[in-house]
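Trainee: sequence? don't have it. structure:
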């Protein structure tokens, strides 16, 4: 790991390595492509978007010329896709993720065990661009892999279930979202305990769903539980605590409890003003 203060020095070192590899092994060598990928990762940390992208792209161009294709191509494509996503270049991110998936099929075939993190990132991109039919099978595949690899009582599996539930919630399939949220929250309760922000997040997700379903009493109860946990674990001046108050205020407003709703909303505004400015 490169410390933040050492990044400029690291840039010179990695540029030198790339130059040496290019001279020793050639401009179309695997060694040069590897060095370019490392430069791309470094420029990401330095927030130099143009240089990060150009180094990744040159590395990929070289790796595509290898015969047979090297597995490094899978990693560099993923790095580039992740880079695009982190910089909100959504169209480029989706295109690159699709290249990544096709490359996996070519190089690895049926023997490849898919990376659930990659699948989830890919699915989130599709979801955020309204391509729900493409997102659903990716979320589902991530769930299945995590269930087999880490087990059905693991926080990562709980998060994956919540991701799929969120997709169903967004497209109005509440009856599909509900059991997934319930299972996810139950796993979090068992694995991290009732006094943990992750469990509070699960309660909040369920409350949002029940509010959308018009089951305001249940939503109110879940919001209150989540707020108490966040108050204990995060404190009253944390943005997540404030957002929980805003959600509760909206539900109370839907229930006709206008005065209480306004009180929570004012409290939330004060916290946000204090913490975020």
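Mentor: Now that the structure is in, tell me what you want to look at. For clarity, every value in this text was computed on a predicted model and none was experimentally measured. Residues are numbered from 1 along each chain as shown.

Trainee: so where does the nearest residue to residue 60 once chain neighbours are set aside fall, helix or strand?
Mentor: Nearest residue to residue 60, sequence neighbours excluded (CB to CB, 6 or more residues apart in numbering): residue 76, at 5.4 Å. Placement of C-beta: from N, CA and C, glycine included. Following DSSP states H and E, one finds residue 76 within helix 72-86.

Trainee: Now that helix: buried residues?
Mentor: Neighbour counts using 16 or more other CB atoms under 10 Å place 72-74, 76-85 of helix 72-86 among the buried residues.

Trainee: now, which of the residues you listed sits nearest residue 48?
Mentor: residue 83 (11.2 Å; CB to CB).

Trainee: returning to what we had before: okay, the buried residues of helix 72-86 in JSON lines with pLDDT next?
Mentor: JSON lines is the format used below for the buried residues of helix 72-86 (pLDDT from 0 to 100):
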{"residue": "72", "pLDDT": "95"}
{"residue": "73", "pLDDT": "96"}
{"residue": "74", "pLDDT": "93"}
{"residue": "76", "pLDDT": "97"}
{"residue": "77", "pLDDT": "96"}
{"residue": "78", "pLDDT": "92"}
{"residue": "79", "pLDDT": "95"}
{"residue": "80", "pLDDT": "96"}
{"residue": "81", "pLDDT": "94"}
{"residue": "82", "pLDDT": "91"}
{"residue": "83", "pLDDT": "95"}
{"residue": "84", "pLDDT": "95"}
{"residue": "85", "pLDDT": "91"}
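
Trainee: still on that earlier bit, just checking, what packs against the helix holding residue 76?
Mentor: helix 30-45, helix 49-63, helix 90-107, helix 116-128 (3 or more CB pairs under 8 Å, 6 or more residues apart in numbering; DSSP states H and E).

Trainee: Could you dump the ones you listed into a markdown table with mean pLDDT added?
Mentor: As requested, the helices and strands packed on helix 72-86 are arranged in a markdown table below (pLDDT from 0 to 100):
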| stretch | mean pLDDT |
| --- | --- |
| helix 30-45 | 96 |
| helix 49-63 | 97 |
| helix 90-107 | 91 |
| helix 116-128 | 89 |
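
Trainee: What are the contacting residues of stretch 180-190?
Mentor: The set of residues external to stretch 180-190 that reach it, using CB atoms under 8 Å, 6 or more residues apart in numbering, is 152-155, 157-159, 161-162, 164-165, 168, 196, 198-199, 201-203, 205-206, 209.

Trainee: Pipe the helices and strands packed on helix 72-86 into a markdown table and attach mean neighbour count and distance to residue 176 per row.
Mentor: Listed next are those as a markdown table, based on neighbours: other CB atoms under 10 Å; distance: least, CB to CB, whole Å:
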| stretch | mean neighbour count | distance to residue 176 |
| --- | --- | --- |
| helix 30-45 | 21 | 37 |
| helix 49-63 | 19 | 38 |
| helix 90-107 | 17 | 24 |
| helix 116-128 | 21 | 15 |
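
Trainee: Can you say which of those is nearest to residue 192?
Mentor: Nearest of those (CB to CB): helix 116-128, 19.3 Å.

Trainee: Helix or strand next in line after the closest one, which one?
Mentor: Next element after helix 116-128 (DSSP H and E): helix 132-149.

Trainee: what's downstream of that next one, the next helix or strand?
Mentor: With DSSP H and E setting the assignment, the helix or strand that follows helix 132-149 is helix 155-170.

Trainee: And the average pLDDT for that next one is what?
Mentor: Here helix 155-170 scores 97 as its mean pLDDT.

Trainee: Please identify the buried residues of whatever helix or strand comes next after that helix?
Mentor: Counting by DSSP H and E, the next helix or strand C-terminal to helix 155-170 is helix 174-192. Buried residues in helix 174-192, defined by neighbour count with 16+ other CB under 10 Å: 174, 177, 178, 180, 181, 183, 184, 185, 187, 188, 189, 191.
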